[in-house]
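Novice: I'd like to go over a predicted model; first the sequence, then the structure.
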There are 4 protein chains.
Amino acid sequence: MGGRRSPAQDRSRAMVDRLLQATTRVLAERGYAGLSTNRVAAAAGVSVGSLYRYFDDKDDLVRELRVRSTADILGDLTAAMSAAVALPTRDAIHQVLATLVAALQRHRPLTSALVNEVPLGAQSNVLPEVEQQLAQFTRMFVAVHAPHLAPAEAEARIYLALGVALSTCLRIALEPPAGVDEGRLVDLAADLLHAGLVLP
Amino acid sequence: MGGRRSPAQDRSRAMVDRLLQATTRVLAERGYAGLSTNRVAAAAGVSVGSLYRYFDDKDDLVRELRVRSTADILGDLTAAMSAAVALPTRDAIHQVLATLVAALQRHRPLTSALVNEVPLGAQSNVLPEVEQQLAQFTRMFVAVHAPHLAPAEAEARIYLALGVALSTCLRIALEPPAGVDEGRLVDLAADLLHAGLVLP
Amino acid sequence: MGGRRSPAQDRSRAMVDRLLQATTRVLAERGYAGLSTNRVAAAAGVSVGSLYRYFDDKDDLVRELRVRSTADILGDLTAAMSAAVALPTRDAIHQVLATLVAALQRHRPLTSALVNEVPLGAQSNVLPEVEQQLAQFTRMFVAVHAPHLAPAEAEARIYLALGVALSTCLRIALEPPAGVDEGRLVDLAADLLHAGLVLP
Amino acid sequence: MGGRRSPAQDRSRAMVDRLLQATTRVLAERGYAGLSTNRVAAAAGVSVGSLYRYFDDKDDLVRELRVRSTADILGDLTAAMSAAVALPTRDAIHQVLATLVAALQRHRPLTSALVNEVPLGAQSNVLPEVEQQLAQFTRMFVAVHAPHLAPAEAEARIYLALGVALSTCLRIALEPPAGVDEGRLVDLAADLLHAGLVLP
DNA sequence: TATGAATGAGTTTTCATTCAT
DNA sequence: AATGAATGAAAACTCATTCAT
């Protein structure tokens, strides 16, 4: 952690960053259909050949983009989850949701591009890593706050809650409805999940 | 109603059906990226030229596919909604959700392809017509069963409920978790939405 | 000549005419690039299959069109040439030129389409039959009015005169310049050819 | 003038030349109808993709071909016209005609293809730039050598002479008649134009 | 390492032509 | 005879990927 990097590694990292940023830009401006390796390289001010030195292929590029954006969001989420364990049930949920919405909003252009433009392939959830992390938290959370639930019942509730949490946060972050207060939406969502997860 | 069809119309309809079924098959097997007009024609056992006799272009093909499956799902949904108005609150919600899950499952291969493979462009909701229909129902439903809510509050709940209902049904229909009873999931979802929509 | 036609032959002739007229129309409206057998058939209100009953292929259609339009022009030309033999040299030439210009103008849409849109293939003169007819006349004409010319010299002048006559008439008929009197152009052309053909 | 070229520029120029030469070859062998980008690329021993690196599209390819050969012909023509101003009337005309014929012959395969194979669209003159250049010369020429003509009369003669000159030169260059001396034809044409342009 | 010209399989789409009805 | 649905070869063009420099 916090290790030194050789100049070569730095140059490498810089290149990768440039390319990923260029990918985001192209994705936002031209959509997935307009995303070509040549275009990305040009947008990054780099040759196509270089792109292929740092990424296996086009898929790898997009995959990496997803992973990176996810990582940043995950950071926030993890912190929020750590803080949340000390809070009362509903507040904990609210905290996590609010954090997730904020994180998604912070990455709005990229997230939007990924959600709206990139076909998902086999996996049908947009941000798999985020979902996994969320799942872990939810599981633990249920174990603590709703120990009365039978395992199967707990599983069902977790499964449902995950979907609700993720889709709701995405919706609030990316398509906020006109004339509805965002904070209120997060409040409501927290109430909903609270009810769904821990009520008898 | 019950109109006779000329042989030519039948042939025409048969061709269109064949091509749409082939499209679904190709979509399921090779994904949206692997969906080419030549491939669809081959899968339908028909020449490319014929495909272009019945569809303006590739977009038209996918559009029609969406329209058809949407229409079918909408049919079920509308019926369920009609029946639901007479039921008590929670049962009404349950009825609609169960119907939607069943309809989506019936169109599983296509819906799955649409959700997972087709980049959505600007609109981030799959099946916009279904969402609209659902919105109408929800609005009416709230007006009837939760008249105590202030307009803004009602709006917020409707917005949230819609996202939850749609994403949950899609999730249950397309990615049912191993070892969790599907019926129980719909039950839980109904409870959740009931709580979210009408509780004070 | 002037023979009776069976009903079948009439129907046949009517079909051919319809198709050729449709071809002219399509050629004028869509250009040669937009000339497709299907389009011609549609424009004629006839099935493609029928087109192929009356014409071997697309080329045959266009070829026939050329032949027909030529035939009409040839009729005029022959008459003019017959009358011209009795006239003094320059007047004879003038008569023929004026007749040709008038005939080309009468068929303006078709001629224009043929000249501007249809690639000529191997033969590089637009209206080969017209040229042949004209050549015959010119040859005879030179024999009568310029018997003093050596055979090789006569050949050279005829060759030149033909080109001049044809291209000039086409130009006057199809691209008349703004602000220049057409009659004057024909006059000048007649003078030119007169000088070129018979002067020592 | 005598500028050095980088290897890259040379390669680029070499590629463009190869492709244009291949285009000429295909045009000569298979006609305009048989001119496809794939065929041109194959004839050039190059991939289609490369063709599209150097030309925007098929039109661009043909356009460039026209531009190049036109430029070459124009070069000769301009030189001849410069030299011609010092000559007596008939000799000036002869010089220009002879030069044009020679230039057209030098580009025979291409010119032939353009004249015989490429449908001309709206403009019915092949080589519009050549015609323009010729027009400029003729106008000046008439102003100098036939100042006695009224403006309208001058216009008419210029219009006619242009058509005659161009069509005659094309004819001599592309379809020289068997057994007739080419030089004699140019002589005759010069006489003809001389008479037509400056005689009272 | 970086470059970017070159590749060519693959995509969408058209249209002359055929043939079962 | 007439129809027009069906065909499929071929056209224009794109783009992920490679490799010589």
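Specialist: Structure received. Residues are numbered from 1 along each chain as shown, chains lettered A, B, ... in the order given.
Novice: Hmm, A:Glu129 and A:Leu166 touching each other?
Specialist: No - using C-beta atoms under 8 Å, A:Leu166 is not in contact with A:Glu129; the gap is 11.5 Å. For the C-beta atoms, the positions are set from N, CA and C on the backbone; glycine is no exception.
Novice: Comparing these two, which residue is more hemmed in?
Specialist: A:Leu166 (21 against 16; other C-beta atoms under 10 Å in any protein chain shown).
Novice: what helix or strand is that one on?
Specialist: helix A:151-174 (DSSP states H and E).
Novice: Specify the next element, helix or strand, located C-terminal of that helix.
Specialist: helix A:182-198.
Novice: hang on, the earlier thing: counting by contacts, list what the helix holding A:Leu166 packs against.
Specialist: helix A:89-106, helix A:108-117, helix A:128-145, helix A:182-198, helix B:151-174, helix B:182-198 (3 or more C-beta pairs under 8 Å, 6 or more residues apart in numbering or on different chains; DSSP states H and E).
Novice: right, and these - which one's nearest D:Met15?
Specialist: Comparison of those against D:Met15 by C-beta to C-beta identifies helix A:108-117 as nearest, at 35.5 Å.
Novice: got the angle for the closest one vs helix A:89-106?
Specialist: Put simply, helix A:108-117 runs at 90 degrees to helix A:89-106, going by axes from the mean of the first three to the mean of the last three C-alpha atoms, to 10 degrees.
Novice: Check whether helix A:108-117 comes into contact with chain B.
Specialist: Yes - using C-beta under 8 Å from any C-beta of the partner chain, helix A:108-117 reaches chain B at A:112, A:115-117.
Novice: Now which of those residues would you call buried?
Specialist: A:112, A:115-117 (16 or more other C-beta atoms under 10 Å in any protein chain shown).
Novice: Looking at those, which is nearest chain D?
Specialist: Lowest distance from chain D to those (C-beta to the nearest C-beta) belongs to A:Glu117, with 26.0 Å.
Novice: Count the neighbours of whatever residue of chain A ends up closest to chain B for me.
Specialist: Proximity of chain A to chain B (C-beta to the nearest C-beta) peaks at A:Ser167, 3.5 Å away. For A:Ser167, the neighbour count with other C-beta under 10 Å is 19.
Novice: So for the residue nearest to it when sequence neighbours are not counted, what's the pLDDT?
Specialist: The spatial neighbour of A:Ser167 that comes closest, neighbours along the chain excluded (C-beta to C-beta, 6 or more residues apart in numbering or on different chains), is B:Ser167 at 3.5 Å. In this model, B:Ser167 is scored at 87, pLDDT.
Novice: now do the one 5 residues further on
Specialist: The score at B:Ile172 is 91. That number is its pLDDT.
Novice: The one 3 residues further on too?
Specialist: B:Glu175 carries a pLDDT value of 84.
Novice: Equivalent analysis for A:Ile93, please.
Specialist: 93.
Novice: who are the neighbours in contact with it?
Specialist: A:84, A:141, A:190, A:193-194, A:197 (C-beta atoms under 8 Å, 6 or more residues apart in numbering or on different chains).
Novice: can we see that at 10 Å?
Specialist: A:84, A:87, A:137-138, A:141, A:145, A:161, A:165, A:186, A:189-194, A:196-198 (C-beta atoms under 10 Å, 6 or more residues apart in numbering or on different chains).
Novice: Using PDB, write down the CA coordinates of the one helix or strand in chain A whose mean pLDDT sits lowest.
Specialist: Least confident helix or strand of chain A, by mean pLDDT, DSSP states H and E, is helix A:108-117 with a mean of 78. What follows is helix A:108-117, C-alpha atoms only, in PDB (Å, rounded to 0.1, in the frame of the first residue of the first chain):
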ATOM      1  CA  ARG A 108     -22.800  10.800 -13.400                       C
ATOM      2  CA  PRO A 109     -21.400  11.100 -16.900                       C
ATOM      3  CA  LEU A 110     -19.600   7.800 -16.700                       C
ATOM      4  CA  THR A 111     -22.300   5.900 -14.900                       C
ATOM      5  CA  SER A 112     -24.900   7.300 -17.300                       C
ATOM      6  CA  ALA A 113     -22.800   6.200 -20.200                       C
ATOM      7  CA  LEU A 114     -22.300   2.700 -18.800                       C
ATOM      8  CA  VAL A 115     -25.900   2.300 -17.900                       C
ATOM      9  CA  ASN A 116     -27.400   3.700 -21.000                       C
ATOM     10  CA  GLU A 117     -24.900   2.900 -23.700                       C
END
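Novice: and it with DNA strand F, contact?
Specialist: No - using C-beta under 7 Å from any atom of the strand, helix A:108-117 never reaches DNA strand F; the gap is at least 13.2 Å.
Novice: tell me the angle of that helix relative to helix A:151-174?
Specialist: 110 degrees.
Novice: who touches helix A:108-117?
Specialist: Contacts of helix A:108-117 (C-beta under 10 Å, 6+ apart): A:20-21, A:23-35, A:62, A:65-66, A:68-70, A:72-73, A:103-105, A:107, A:120, A:126-127, A:170, A:173-175, B:119-124.
Novice: Which members of those residues are positioned in helices?
Specialist: A:20-21, A:23-30, A:62, A:65-66, A:68-70, A:72-73, A:103-105, A:170, A:173-174 (DSSP state H).
Novice: Now the buried members of these.
Specialist: Counted by 16+ other C-beta under 10 Å, the ones in helices among the contacts of helix A:108-117 give A:20, A:23-27, A:62, A:65-66, A:68-70, A:73, A:103-104, A:170, A:173-174 as buried.
Novice: I'd guessed the residue of chain A closest to chain B sits against A:Leu192; true?
Specialist: No - if you go by C-beta atoms under 10 Å, A:Ser167 and A:Leu192 don't touch, sitting 11.9 Å apart.
Novice: Give me the common contacts of these two.
Specialist: B:Val164.
Novice: OK, now which residue of chain A is nearest to chain D?
Specialist: Closest point on chain A to chain D, by C-beta to the nearest C-beta, is A:Asn38, at 11.2 Å.
Novice: contacting residues for that residue?
Specialist: Applying C-beta under 10 Å, 6+ apart, the residues contacting A:Asn38 are A:47-48, A:51.
Novice: May I ask which of the residues you listed has the most neighbours?
Specialist: A:Leu51 (25 neighbours).
Novice: Run a quick check on that residue versus A:Thr37, I expect a contact.
Specialist: Yes - using C-beta under 10 Å, A:Leu51 is in contact with A:Thr37, at 5.7 Å.
Novice: residues shared between the contacts of the two?
Specialist: A:19, A:23, A:57-58, A:61.
Novice: Make a PyMOL selection of whichever of the residues you listed turn out to be buried.
Specialist: Buried members of those, identified by 16+ other C-beta under 10 Å, are gathered into one PyMOL selection as follows:
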select buried, chain A and resi 19+23+61
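Novice: out of the shared contacts of A:Leu51 and A:Thr37, who's near chain D?
Specialist: With C-beta under 10 Å from any C-beta of the partner chain as the criterion, the shared contacts of A:Leu51 and A:Thr37 include none near chain D.
Novice: Tell me which residue in chain A sits closest to chain C.
Specialist: Counting by C-beta to the nearest C-beta, chain A gets nearest chain C through A:Ala33, at 28.7 Å.
Novice: show me where pLDDT drops low in chain A?
Specialist: Where chain A drops to pLDDT under 70, the residues are A:1-8, A:10-11, A:118-126, A:200.
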